[in-house]
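Asker: Return atomic coordinates for the entry below.
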Amino acid sequence: MSEDLIIKYLLQETTANEEERVKEWIAAGPENEKEFKRFELIWSSSKELETSRTADADKAWDNFKTKVSGHRKVVKPNLRSIRRDYSWLKIAAVVFIVAAAWTFYSTVNNGYATLESGNLVRKETLPDGSEVTLNKNSRIAYSRKFTGDTRSVKLEKGEVFFNVTADKSKPFIIEADEVVVRVVGTSFNVKHNSHITEIIVETGIVQVAKAGRMVELRAGERVSIDNNNPILRKKPNTDKLYKFYRSKIFVADNTPLWRVVEVLNEAYESNIIIENDQHKNLSLNTTFEDESLEEILRVITQTFKINAVKENGKIILR
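Answerer: Here you go, the predicted structure:
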């Protein structure tokens, strides 16, 4: 299988026939699949995201040859043609989507650690000095030494706030299934479950990619990604409740009641239901700090002149 065709496949620029050829070759045997994955990941890790948005493909290929030397003969493809035919955005997206996978893949030999929060919020420091705060029932895995060209973390489930130590020579990359987040030094929140992946940036700049698409987020921006849809749409973040698990403070700033209830259910492991659909978008403006669920519900019911009724393990707002 030619390297040119594999790169075209990674960049989603193959024709239907070419795509079928690559898939058939990968499926022909485990050795082909292993070789494809190794090629994909090493090629990606050899690329550098240039701030000038010009891709030095020849240099990347030289790096690639160095890494795979001794394994098999490498034939250099016509990278001038590739550089001309493929847009920078597509190259950049593919580069850091799978660069994370390569670094995490390589940690099998270097050793990796797992952090799991269980029923408590957990704050830890990673080998590079970056701080992570895991919400309840969250889990990440990371290389014990952060060796290699990147600092790679895999968010396996849940929600984590990252305060990343700056290191321009070694980007910090988070992989959450098909979504990849790339930063140098910044702070941001990532929430990942079976339905969505959500990133909210507090400081700095964050790049988010999925399926060959990429967006750049700055402080005060967010992106919510449907796990079954590759579309990335960023927007200003107006929600302040996402911080509750770190601050223990609930800040409702013109926040719809359905969102308040969603967070309360998560924080107190309760089962609150809004019975009347017309009440779901009622806006709440208040702050709760060190308050019991009963006190919070008292304020909500008095504010909106509704009732909270306990029935069969549920709390129904009606």
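
Asker: what stretches of this structure score poorly on pLDDT?
Answerer: Scanning the chain for pLDDT under 70 picks out 1-4, 34-35, 37-111.

Asker: Apply 50 and report the result again.
Answerer: Scanning the chain with the threshold set as pLDDT under 50 gives 45-57, 65, 67-86, 88, 98-110.

Asker: Please enumerate the helices of it.
Answerer: 3-10, 16-27, 30-46, 57-68, 79-85, 88-110, 244-247, 257-268, 293-304 (DSSP state H).

Asker: and Glu24, how many residues sit next to it?
Answerer: By other Cβ atoms under 10 Å, the residues close to Glu24 number 11. The C-beta positions use only the backbone N, C-alpha and C, and glycine is treated the same way.

Asker: what angle separates the lengthiest strand in the chain from helix 257-268?
Answerer: In terms of residue count, the longest strand belonging to the chain (DSSP state E) is strand 151-163. Relative orientation of strand 151-163 versus helix 257-268 (axes from the mean of the first three to the mean of the last three Cα atoms, to 10 degrees): 110 degrees.

Asker: Could you find the closest non-adjacent residue to Leu115?
Answerer: Nearest non-adjacent residue to Leu115, counting by Cβ to Cβ, 6 or more residues apart in numbering: Ile140, 5.1 Å away.

Asker: make that Glu19, sorry
Answerer: Nearest non-adjacent residue to Glu19, counting by Cβ to Cβ, 6+ apart: Tyr9, 6.5 Å away.

Asker: List the buried residues for stretch 11-25?
Answerer: Leu11, Glu13, Thr14, Arg21, Val22, Trp25 (16 or more other Cβ atoms under 10 Å).

Asker: And it, how far out from the chain middle?
Answerer: Here the centre of mass of C-alpha atoms in stretch 11-25, compared against the chain's by Cα atoms, centre = their mean, to the nearest Å, lies 27 Å away.

Asker: check contacts around the nearest residue to Thr287 once chain neighbours are set aside.
Answerer: Leaving aside its chain neighbours, Thr287 sits nearest to Val251 (5.2 Å; criterion: Cβ to Cβ, 6+ apart). Residues near Val251 by Cβ atoms under 8 Å, 6 or more residues apart in numbering: Lys240, Leu241, Lys243, Phe244, Thr287.

Asker: Which member of those is positioned nearest Val164?
Answerer: Lys243 (17.2 Å; Cβ to Cβ).

Asker: how close does that closest one get to Leu120?
Answerer: Distance of Lys243 to Leu120, computed by Cβ to Cβ, to the nearest Å: 17 Å.

Asker: Compare these two (neighbour count), which wins?
Answerer: In this view Lys243 and Leu120 are compared by other Cβ under 10 Å, and Lys243 has more residues nearby, 16 against 9.

Asker: Tell me the spacing between Glu295 and Ser169.
Answerer: 50 Å.

Asker: between the two, who's got more neighbours?
Answerer: Set Glu295 next to Ser169 and count neighbours by other Cβ under 10 Å: Glu295 wins out with 11 against 7.
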